[in-house]
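J.: 3D, please:
(chains A and B)
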There are 2 protein chains.
Amino acid sequence: MKAPDATFADHARARQANLTKPAGSLGRLEQLAIALAAQQGRERPSVERVHIALFAADHGVCEEGISAFPQAVTAQMIANFASGGAAISVLARQLGATLEIIDTGTLGLPHPAARNARVGPGTANVARTDAMTPAQRDQALAAGDAAAARAVDAGADLFIGGEMGIGNTTSASALACALLNRPAHALTGPGTGLDERGVTHKTRVIEVALQRHANTHGTRSRDPMTALASLGGFEIVALAGALLGCAARRLPVLVDGFIVSVAALAAVRHAPALRDWLHFAHRSGEPGHKHVLNALGAEPLLKLGMRLGEGSGAAVAVPLMRAACVLHNEMASFEQAGVERG
Amino acid sequence: MKAPDATFADHARARQANLTKPAGSLGRLEQLAIALAAQQGRERPSVERVHIALFAADHGVCEEGISAFPQAVTAQMIANFASGGAAISVLARQLGATLEIIDTGTLGLPHPAARNARVGPGTANVARTDAMTPAQRDQALAAGDAAAARAVDAGADLFIGGEMGIGNTTSASALACALLNRPAHALTGPGTGLDERGVTHKTRVIEVALQRHANTHGTRSRDPMTALASLGGFEIVALAGALLGCAARRLPVLVDGFIVSVAALAAVRHAPALRDWLHFAHRSGEPGHKHVLNALGAEPLLKLGMRLGEGSGAAVAVPLMRAACVLHNEMASFEQAGVERG
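T.: Residues are numbered from 1 along each chain as shown, chains lettered A, B, ... in the order given. I've put the predicted structure just below:
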């Protein structure tokens, strides 16, 4: 994994200084354009071609009653993604983005519109045992890496990873707690919409899972690959693999909300050079997100109280990156426009 | 000026509750769609047709040396807007928005690409005398109202007001101080890029202007129409007129940064019902902006450190409104998609 190209960053910075605007007056849009130029190795960065890989999976921990929605909704939502009625389907259409649905291990029958990368019929219940074997973890990582490879082969300028899986905020919260060495109550939230009592119960389930994780893995319990297998979901592990695969292929990533950020945290702990390839779209309404973002040194572009998942927050932020690119590429310089400098 | 249609808001709220997502999980995008439905009086809100009216003017207070840029830049930037090289030109093209440049009173020769609505050859120096006469203020208000009328006639779904005028943060800061009864140092910032010494000098000039304003107008000094004539710029007054004209015609407005927010504050003080027609795009890097936003009870969509003006921050925020609309209009309901509820 290489670093973004500093020469292109220097060129882009020099170009920004000559555009007809007070220096720095486009704020973070200037930084975005400079970072994308360095990542893409281009004079003129672009995020016109966006690839969204949506990883779905089921979670054994649902048997603890930790979600506001029944587990069957994972498969029902795959059908909704495919037929175009889900939020991410609508947003992908609006952006002209390619949307790929990847089943990394749901219950029930495979959906014909989803790419079959099933690692198992949902994970095991993390409150009782490791979510998956190391071999399953590696299979899920490889499914993510393959999605990154397909995005690059298709000529994508930007990668978005999305997720769907009833119960996956429980898995992600437990994973974040293990990686950040924080107690369950610090990172547990309502997910799709638990009430206070539901959050209290979910917190207790995560406490049990963390205790089990510590007992099973001891001094290895904060190791990211160990934690991914012990507490992760197949879609979360696949996301970690996808992000690593993007960075290895020099494809910038726009990270969505809580779940994807937790996958990013695990992947960055595994390979710190990944961090330079990640943009962060939004701070979600899920309360644990801010701790994960802080650990990543990330300041997202948006804070709109979104907490849907699917990659939807990232999709909503894409036009900000497109604006940054078009301003960088198309604005006149002071010389071209005959405008005096300050 | 009427209120937005509460019946359409109720319908939109009911529709949101049936879409395939956890209740409230699209955060502010849900509120945006509901507000636009009520403002536009439509089942399916839309902001595809955006009209940007960019008001330019010169400021007599420039003779006090309060800007980092020479005054000639106002006219030079009009040429840049017209030839497509300025930030707002690039963004308008990307959005497919109509962009109208309205000269409300610049120095030098009229530019053929700008609509001539010149109230005078720049304002008078607000540190020494009223910026304009009440008749000039009314002429500038009418120029703004006419822009709103043209936007409605052209079928716009959303109005953005932009501004260009070297020296106009001095005028806007003084106006905000008068309206909010705050001292100059609380609201004065670097504008296009003054250094610390420059800001100190600008603050002193604004103090002088405020003292003069208070001496001249006494108990009327916080009256918005009095303050607009005494401390405003022609473009700032025109913006106030445009916002009032949009609300009177039921056209929602996306308010840009500091200058437009000050115009909005004056206009809302004059006609409080205007507030319900305004969306706020971004919190700018200009430090006084937060006080103006607080006074308006406004929480902008973006905070990207932008401080360019021209309507650029509003243009960057348009895709968030478009995402809100398309999600509202195109997502499947639970019934349509066969997805169980939580």
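J.: CA atoms for contacts and neighbours, from now on please.
T.: OK.
J.: ranges for the helices of the stretch 1-150 of chain A?
T.: Remark: helices assigned in the stretch 1-150 of chain A by DSSP state H, counting those that start in this stretch are A:6-18, A:28-40, A:73-83, A:87-95, A:134-153.
J.: Out of these, which is closest to residue A:256?
T.: Comparing the helices of the stretch 1-150 of chain A by their distance to residue A:256 (C-alpha to C-alpha), the top pick is helix A:87-95, with 11.6 Å.
J.: Can you give the contact residues for that closest one?
T.: By C-alpha atoms under 8 Å, 6 or more residues apart in numbering or on different chains, the residues outside helix A:87-95 that reach it are A:50, A:52, A:81-82, A:84, A:98-99, A:310-312, A:315-316, B:20-21, B:323, B:326-327, B:330-331.
J.: Ok, stretch A:277-289 next?
T.: With contacts defined as C-alpha under 8 Å, 6+ apart, stretch A:277-289 is touched by A:4, A:39, A:173, A:186-191, A:247, A:250-258, A:261, A:290, A:298-307, A:313-314, A:317, B:27.
J.: redo that, cut-off 7 Å
T.: In this structure, residues lying in contact with stretch A:277-289 by C-alpha atoms under 7 Å, 6 or more residues apart in numbering or on different chains are A:39, A:186-191, A:247, A:252-258, A:290, A:298-303, A:305-307, A:313-314, A:317.
J.: Please spell out the ChimeraX selection for the buried subset of the residues you listed.
T.: ChimeraX command restricting these to the buried ones, with burial defined by 16 or more other C-alpha atoms under 10 Å in any protein chain shown:
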select /A:39,187,188,189,190,191,247,252,253,254,255,256,257,258,290,298,300,301,302,303,305,306,307,313,314,317
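J.: Strands - which of the contacts of stretch A:277-289 land there?
T.: Mapping the contacts of stretch A:277-289 onto strands (DSSP state E) picks out A:253, A:254, A:255.
J.: correct me, but the second one touches residue A:315?
T.: Meaning residue A:254. No - assessed by C-alpha atoms under 7 Å, residue A:254 is found out of contact with residue A:315, at 8.6 Å.
J.: Contact partners for the closest residue to chain B within the stretch 101-250 of chain A?
T.: Proximity to chain B, evaluated over the stretch 101-250 of chain A using C-alpha to the nearest C-alpha, is greatest for residue A:192 at 5.5 Å. Neighbouring residues of residue A:192 by C-alpha under 7 Å, 6+ apart: A:68, B:22.
J.: Export only the CA atoms of stretch A:113-125, formatted as PDB.
T.: This file holds the C-alpha atoms of stretch A:113-125, laid out as PDB (Å, rounded to 0.1, in the frame of the first residue of the first chain):
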ATOM      1  CA  ALA A 113     -29.900  -9.900  -8.100                       C
ATOM      2  CA  ALA A 114     -27.300 -10.200  -5.300                       C
ATOM      3  CA  ARG A 115     -23.700 -11.500  -6.000                       C
ATOM      4  CA  ASN A 116     -23.200 -14.700  -4.100                       C
ATOM      5  CA  ALA A 117     -20.300 -14.400  -1.800                       C
ATOM      6  CA  ARG A 118     -21.900 -16.200   1.100                       C
ATOM      7  CA  VAL A 119     -19.500 -17.200   3.800                       C
ATOM      8  CA  GLY A 120     -22.100 -18.900   5.900                       C
ATOM      9  CA  PRO A 121     -25.800 -18.700   6.900                       C
ATOM     10  CA  GLY A 122     -25.300 -15.700   9.100                       C
ATOM     11  CA  THR A 123     -22.700 -15.400  11.800                       C
ATOM     12  CA  ALA A 124     -22.700 -17.300  15.100                       C
ATOM     13  CA  ASN A 125     -24.100 -15.400  18.100                       C
END
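J.: For the stretch 151-300 of chain A, which residues are neighbours of chain B?
T.: Residues of the stretch 151-300 of chain A lying close to chain B by C-alpha under 7 Å from any C-alpha of the partner chain are A:192, A:193.
J.: Next, the contact list for the residue lying closest to residue A:8 once chain neighbours are set aside, please.
T.: Closest residue to residue A:8 apart from its sequence neighbours, by C-alpha to C-alpha, 6 or more residues apart in numbering or on different chains: residue A:38 at 4.9 Å. Applying C-alpha under 7 Å, 6+ apart, we find residue A:38 in contact with A:4, A:5, A:6, A:8, A:9.
J.: neighbours of the nearest residue to residue A:24 once chain neighbours are set aside, just the number please.
T.: Distances taken as C-alpha to C-alpha, 6+ apart put residue A:30 closest to residue A:24, at 7.2 Å, once the chain neighbours are dropped. Each residue near residue A:30 was counted by other C-alpha atoms under 10 Å in any protein chain shown, and the total is 23.
J.: Quick check: the gap between residue A:30 and residue A:2.
T.: As for residue A:30, its distance to residue A:2 is 23 Å (criterion: C-alpha to C-alpha, to the nearest Å).
J.: ditto for residue A:58
T.: As judged by C-alpha to C-alpha, residue A:58 and residue A:2 stand 34 Å apart.
J.: more crowded one of those two?
T.: Set side by side, residue A:58 and residue A:2 show more neighbours around residue A:58, with 30 against 13, by other C-alpha under 10 Å.
J.: Not counting its neighbours along the chain, what's nearest residue A:142?
T.: Among residues not flanking residue A:142 along the chain, residue A:241 sits closest, at 6.3 Å (C-alpha to C-alpha, 6+ apart).
J.: Please report the distance of the one you found from residue B:212.
T.: Distance, residue A:241 to residue B:212, using C-alpha to C-alpha: 66 Å.
J.: Please identify which of these two sits among more neighbours.
T.: Per other C-alpha under 10 Å, whichever of residue A:241 and residue B:212 has more neighbours is residue A:241, with 27 against 19.
J.: In contact with residue A:214, which residues?
T.: Counting by C-alpha under 7 Å, 6+ apart, residue A:214 makes contact with residue A:221.
J.: Helix, strand, or coil at it?
T.: At residue A:214 the chain is in helix, as set by DSSP: H, G, I helix; E, B strand; the rest coil.
J.: Quick check, pLDDT for it.
T.: Looking at residue A:214, its pLDDT stands at 98.
J.: cool, the one 5 residues further on as well?
T.: Among the per-residue scores, residue A:219 shows a pLDDT of 95.
J.: cool, and the one 10 residues further on?
T.: According to the per-residue confidence, residue A:229 scores 98 in pLDDT.
J.: Remind me which helix or strand it belongs to.
T.: Residue A:229 belongs to helix A:224-231 when assigned by DSSP states H and E.
J.: Contacts for that helix next, please.
T.: Contact with helix A:224-231 is made by A:126, A:130-134, A:137, A:171, A:174-175, A:178-179, A:213, A:220-221, A:237, A:266, A:269-270, as judged by C-alpha under 7 Å, 6+ apart.
J.: any idea how far the residue nearest to residue A:36 when sequence neighbours are not counted is from chain B?
T.: In this structure, residue A:36 finds its nearest non-sequential neighbour in residue A:45, 5.8 Å apart by C-alpha to C-alpha, 6+ apart. Applying C-alpha to the nearest C-alpha, to the nearest Å, the value for residue A:45 to chain B is 15 Å.
J.: Would you mind listing the residues in contact with residue A:56?
T.: Contacts of residue A:56 by C-alpha under 7 Å, 6+ apart are A:102, A:103, A:104, A:105, A:106, A:163, A:164, A:165, A:235.
J.: list the contacts for the residue most central in space within chain A?
T.: The centroid of chain A falls nearest to residue A:260 when counting by C-alpha atoms, centre = their mean (2.9 Å). Residues in contact with residue A:260 (C-alpha under 7 Å, 6+ apart) are residue A:239.
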